[in-house]
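Q: Here's a sequence, model it:
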Amino acid sequence: MEPLGLIAGLGDLPVQVYQAAKDDGRPVHVVRIAGFEEPALADAGGDTVGAGEIGKLLKSLKGAGCKDVVFAGIVKRPAFDKLRLDMRGARLLPKVLAAAKKGDDALLRVIVDMLDDEGFTVRGAEEATASLLASQGLIGGSAPTQQDMSDLSKAAKVAGVMGDLDIGQGCIVCDGLVLAVEAQEGTDQMLQRCASLPVELRGTADQRRGVLVKRAKPGQDRRIDLPTAGVSTIEGVAAAGLSGLAVEAGGALLLDRKSMIERAADLGVFIYGFDPETET
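A: This is a model prediction of the structure:
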């Protein structure tokens, strides 16, 4: 069986993709992005390439015999004026710079298109780890209230507009009021901002109010950068006094679902998979 090429950044997702493929008996060739090496994959072998070393990336994947490639993990947008480019990277740079002005999704699509042109098949992380994909309906905790569902619907609409502008994938609404939207800081820091707001605006551990929604950007290439949530997301939701987390069914990844469900029950919050056709 040919190895899966895993282009890995930081976080739990590349670790779970790696482990799922190994559990299925498939070898994995890990290519780490320099500066964003996930410590849990330190013993996984493979190579490390700089963000501008496109030729080295291709050589690594082809040398390992990879045909299927998965992107997984956190890699921040590089400082283009400080990139160390190899020859292939320099040739691709004009396209990268043009795409960067249009947003992170456009930037990632340039890399995906390049891999497609080189004969690779870029697959979504959920294809390697189907069990991570969020299901529809109540996933964990108690059922959302009518007010929770109203907040969920508004947050999903706001997140959709944000996605159209390539701003972020998350929004928090409490009693119809938008408390926070996610930009480049990420979900955990957005939740920390929400937790610092006056309790008049948000819920508390004794009286939870408000919902965090994470959803894919409209028109997003779902092979890359699907929204993810994990135990830390549940803990952040609880710390902010929110009622729960809602993610797009079939459009978000839940990392270590069992632990997420257990933690949600412990903290008194819900996890819900919404249908974007009916809730927005």
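Q: And the strands in the stretch 151-280 of the chain, which stretches?
A: 170-174, 177-181, 211-214, 228-229, 244-248, 253-254, 270-274 (DSSP state E, counting those that start in this stretch).
Q: now the third one: mean pLDDT?
A: If I follow you right, that is strand 211-214. With pLDDT averaged residue by residue, strand 211-214 scores 97.
Q: Next, count neighbours for S135.
A: Other residues near S135 come to 12 when the count uses other Cβ atoms under 10 Å. Any C-beta I mention is one placed from the backbone N, CA and C, and that applies to glycine too.
Q: got the contact list for the nearest residue to it once chain neighbours are set aside?
A: The spatial neighbour of S135 that comes closest, neighbours along the chain excluded (Cβ to Cβ, 6 or more residues apart in numbering), is G273 at 5.2 Å. Shown in contact with G273 (Cβ atoms under 8 Å, 6 or more residues apart in numbering): A134, S135, Q136, G137, I139, A246, V247, E248, A249, G250, A252.
Q: swap the cut-off to 10 Å and go again
A: With Cβ atoms under 10 Å, 6 or more residues apart in numbering as the criterion, the residues that contact G273 are 133-139, 245-252, 254.
Q: Pull the most distant pair out of those.
A: The most widely separated members of those are L138 and G251, with 17.0 Å between them, by Cβ to Cβ.
Q: who has more neighbours, the two?
A: G251 (22 against 14).
Q: So the more buried one sits against L132, correct?
A: No. G251 is not in contact with L132 according to Cβ atoms under 10 Å; the separation is 11.9 Å.
Q: Give me the common contacts of those two.
A: Overlap of the contact sets of G251 and L132 (by Cβ under 10 Å, 6+ apart) consists of E126, L226.
Q: R257 touches T228, doesn't it?
A: No. Applying Cβ under 10 Å, one finds R257 not in contact with T228, separated by 11.6 Å.
Q: Who has more neighbours out of those two?
A: More neighbours sit around T228 than around the other of R257 and T228, counting by other Cβ under 10 Å; the figures are 24 against 19.
Q: Quick check: chain neighbours aside, which residue is closest to that one?
A: Once chain neighbours are set aside, the closest to T228 by Cβ to Cβ, 6+ apart is L253, at 4.6 Å.
Q: Test my guess that the one you found contacts T233.
A: No. Counting by Cβ under 10 Å, L253 sits too far from T233 to count as a contact (11.1 Å).
Q: Which neighbours do the two have in common?
A: A shared contact of L253 and T233, defined by Cβ under 10 Å, 6+ apart, is any residue touching both; here these are K214, P227, V247.
Q: Would you mind confirming that the first one is in contact with G160?
A: No. Using Cβ under 10 Å, K214 is not in contact with G160; the gap is 11.7 Å.
Q: Mind listing the shared neighbours of the two?
A: In the contact map built from Cβ under 10 Å, 6+ apart, the residues linked to both K214 and G160 are C171, E248.
Q: between these two, which one's more packed in?
A: Just comparing K214 and G160: by other Cβ under 10 Å the higher neighbour count belongs to K214, 26 against 18.
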